[in-house]
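Chemist: how would this look folded up:
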Amino acid sequence: MSTCLTPGAVYHISISPHWAAVAVDVPAGLDLDETGAAILERDLHSAVERALARVASSPDSVASQS
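Modeler: As a prediction, the model looks like this:
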């Protein structure tokens with residue numbers, strides 16, 4: 001098992017047929033300036049997009065949409 005990279009963070013993930021949502025409680029807080037917030041937003045977008053791309057491109061997901 002790998003070491004947790006975000007100790008204390010609690011992830012809330014919801015998935016339905018037409019949407020997916022991710023929220024994270026960060027007990028230590030996020031001390032970000034505008035630039036840091038923009039970088040985090042970009043990184044989160046990229047991570048979720050990569051995960052969704054894997055699902056969208058799988059043969060099973062195409063079959064289930066027919």
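
Chemist: Tell me if I am right that residue 23 is in a strand.
Modeler: Yes - Residue 23: assigned to a strand according to DSSP: H, G, I helix; E, B strand; the rest coil.

Chemist: How about it: what's its closest non-neighbour residue?
Modeler: Nearest residue to residue 23, sequence neighbours excluded (CB to CB, 6 or more residues apart in numbering): residue 12, at 4.5 Å. Heads up, the C-betas are built off the backbone N, CA and C, glycines and all.

Chemist: check contacts around that neighbour.
Modeler: Residues near residue 12 by CB atoms under 8 Å, 6 or more residues apart in numbering: 21-25.

Chemist: what helix or strand is it on?
Modeler: Per DSSP states H and E: residue 12 is located in strand 10-15.

Chemist: and if you look at residue 7?
Modeler: Applying DSSP H and E, one finds residue 7 in no helix or strand.

Chemist: any idea how far it is from residue 40?
Modeler: Applying CB to CB, to the nearest Å, the value for residue 7 to residue 40 is 18 Å.

Chemist: Spell out which residues sit in contact with the residue most central in space within the chain, please.
Modeler: When the chain is reduced to its mean C-alpha position, the nearest residue by CA atoms, centre = their mean turns out to be residue 48, at 4.2 Å. The contact partners of residue 48, taken as CB under 8 Å, 6+ apart, are 20, 22.

Chemist: what pLDDT does it get?
Modeler: pLDDT, residue 48: 95.

Chemist: Report the contact partners of residue 8.
Modeler: 26-28.

Chemist: longest single helix anywhere in this protein?
Modeler: Across the chain, the longest stretch assigned as helix under DSSP state H is helix 34-56.

Chemist: Only alpha carbons, please: show it as PDB.
Modeler: Below are the C-alpha coordinates for helix 34-56, written out as PDB (Å, rounded to 0.1, in the frame of the first residue of the first chain):
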ATOM      1  CA  GLU A  34      -4.300  33.900  -6.600                       C
ATOM      2  CA  THR A  35      -1.500  32.300  -8.600                       C
ATOM      3  CA  GLY A  36      -1.400  29.200  -6.300                       C
ATOM      4  CA  ALA A  37      -5.200  28.900  -6.600                       C
ATOM      5  CA  ALA A  38      -5.100  29.100 -10.400                       C
ATOM      6  CA  ILE A  39      -2.400  26.400 -10.500                       C
ATOM      7  CA  LEU A  40      -4.400  24.100  -8.200                       C
ATOM      8  CA  GLU A  41      -7.500  24.700 -10.300                       C
ATOM      9  CA  ARG A  42      -5.600  23.700 -13.400                       C
ATOM     10  CA  ASP A  43      -4.100  20.600 -11.800                       C
ATOM     11  CA  LEU A  44      -7.400  19.500 -10.500                       C
ATOM     12  CA  HIS A  45      -9.000  20.000 -13.900                       C
ATOM     13  CA  SER A  46      -6.200  18.000 -15.600                       C
ATOM     14  CA  ALA A  47      -6.500  15.100 -13.000                       C
ATOM     15  CA  VAL A  48     -10.200  14.800 -13.400                       C
ATOM     16  CA  GLU A  49     -10.100  15.100 -17.200                       C
ATOM     17  CA  ARG A  50      -7.500  12.300 -17.400                       C
ATOM     18  CA  ALA A  51      -9.700  10.000 -15.200                       C
ATOM     19  CA  LEU A  52     -12.800  10.800 -17.300                       C
ATOM     20  CA  ALA A  53     -10.900  10.300 -20.600                       C
ATOM     21  CA  ARG A  54     -10.000   6.700 -19.500                       C
ATOM     22  CA  VAL A  55     -13.700   5.900 -18.900                       C
ATOM     23  CA  ALA A  56     -15.000   7.700 -22.000                       C
END
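
Chemist: Please consider this matter closed, and thank you.
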